[in-house]
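Asks: need a 3D model of the sequence below.
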Amino acid sequence: MLNFVIMTRFLLIFLMFAATAAESAACTSVIVSGRVTRSGRPMIWKHRDTGTEHNFIARVGASGNRHGYVALFNGGDSLLNEAWTGMNDAGFAIMNTASYNLMPDTATVKDREGIVMRLALERCITLDDFEKLLDELPKPLGVQANFGVMDSSGRAAYYETDDYDFKRYLLDDEPSGIIYRTNYSYSGEKDGGYGYIRESNARHLATSPAKDRRVTPELFTDTLSKSFYHSLIGRDFMKGDDRWVSDRDFIPRRSSAASIVIEGLLPGESPESMTMWTVIGYPPVSHTEAVTLDSVPQSLQPSGSEWRSPLCDETLKRKREVFPITRGSGEYYLDIDKIREYMPQQLRISQENYARRRAEIKKRSEKQ
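Replies: From the prediction side, this is the model:
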């Protein structure tokens, strides 16, 4: 009987740990066709949740037959070993969300999604190249993920990928022009995984703009990534009088560390016209910066011996004000008044950065 009690307690602790691990990687993502965007450019968006609060953006130069690229890396990754969203000088872009209803991770090889994405940025030009990479890498791959991929032609797809195989979902096959993925795979175990409410939140906020063909990067960086709409409850908590809100099943959450939209190319454009719109740190109290293949704002680059972004550090100080309670279960409650306080200022900075980058693109286009 004692052994049974001990084993039961061990199982409960294990399940709690597994649930916490899944919560810390609760990403939300979207692929958008150029036929439903205001600019005509395709886009991929990833709202990143992770157990690693600190992120930075770095440029990796071309070398030999390796493409140059810009990507999001974990704070402290001085070797630039794991890329978590990025685009390269061939117009190829990639992101991912963790999936929790595909085949179980192997015991010996796992958590290699960032490595796979770094290799893809170094080697790939087209979707076909990415499929070839997945086929040729040693097995087991060590991944359980939905990879979102876009190339310079505007083709895009999700690849629901496990240790040995993948299933492709092409954007061209989706009549609405927009595909969503959170932390489960459509090809995986039915009702398994996580993120069903977050996906519903995203659909609620993005469906109308997609129908009207007016999707912009701002929809994701400055609306979805900062929205406290809850589809199951049917309520936007930003519009109420609440101060303290339980941090549960919103797109932004305590584990949110970045929001990135990669805006692709129009026909005939060079990859230099791509933009990686980047919100670093806790998105509700941060702002959007424009990253290009040849320009990364200093505030996003790693600095100091800890390899951390100055803007991410600054944003995380504001995040501490949003989640000020550290005792007991207080860490799961956010002070939404603090978000209301900081959001207008950060939105103004985002708008200025969007306007500046769009003026640059317009000027480049007029010269061609």
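Asks: who does the residue nearest in space to the middle of the chain form a beta bridge with?
Replies: The residue lying closest to the centre of the chain (C-alpha atoms, centre = their mean) is residue 46, at 2.2 Å. Beta bridges link residue 46 to residue 29, residue 260, judged by DSSP bridges.
Asks: from what I can see it touches residue 251, true?
Replies: No: judged on C-beta atoms under 8 Å, residue 46 makes no contact with residue 251 at a distance of 11.3 Å. C-betas here are computed from N, CA, C, even on glycine.
Asks: residue 260: what's it in contact with?
Replies: Going by C-beta atoms under 8 Å, 6 or more residues apart in numbering, residue 260 touches 45, 46, 48, 72, 85, 95, 276, 277, 278, 279.
Asks: quick one, what contacts the residue nearest to the centre of the chain?
Replies: 27, 28, 29, 84, 85, 95, 96, 97, 148, 258, 259, 260.
Asks: swap in 7 Å and give it another go.
Replies: 27, 29, 85, 95, 260 (C-beta atoms under 7 Å, 6 or more residues apart in numbering).
Asks: ok, the fourth one touching residue 148?
Replies: Yes: when contacts are counted by C-beta atoms under 7 Å, residue 95 is listed as touching residue 148 (4.7 Å).
Asks: which of the two has more residues huddled nearby?
Replies: residue 95 (32 against 26; other C-beta atoms under 10 Å).
Asks: which residues touch the more buried one?
Replies: 29, 44, 46, 85, 148.
Asks: the last one and residue 83, how far apart?
Replies: Counting by C-beta to C-beta, to the nearest Å, the gap from residue 148 to residue 83 is 13 Å.
Asks: could you do the first one as well?
Replies: In this structure, residue 29 lies at 15 Å from residue 83, with C-beta to C-beta as the measure.
Asks: what does the pLDDT read for the closest residue to residue 219 other than its chain neighbours?
Replies: In this structure, residue 219 finds its nearest non-sequential neighbour in residue 209, 5.7 Å apart by C-beta to C-beta, 6 or more residues apart in numbering. Residue 209 is assigned 98 on the pLDDT scale.
Asks: with residue 109 instead?
Replies: So, for residue 109, pLDDT stands at 82.
Asks: and the gap between it and residue 235?
Replies: Distance from residue 109 to residue 235, by C-beta to C-beta: 43 Å.
Asks: then residue 189?
Replies: Taken as C-beta to C-beta, the span from residue 189 to residue 235 is 30 Å.
Asks: could you count how many residues lie near residue 78?
Replies: For residue 78, using other C-beta under 10 Å, the count is 12.
Asks: and the nearest residue to it once chain neighbours are set aside, what is it in contact with?
Replies: Leaving aside its chain neighbours, residue 78 sits nearest to residue 307 (5.0 Å; criterion: C-beta to C-beta, 6+ apart). Residues near residue 307 by C-beta under 7 Å, 6+ apart: 56, 75, 76, 77, 78.
Asks: tell me the pLDDT at the last one?
Replies: Read that as residue 78. For residue 78, the model assigns a pLDDT of 97.
Asks: thanks a lot, catch you later.
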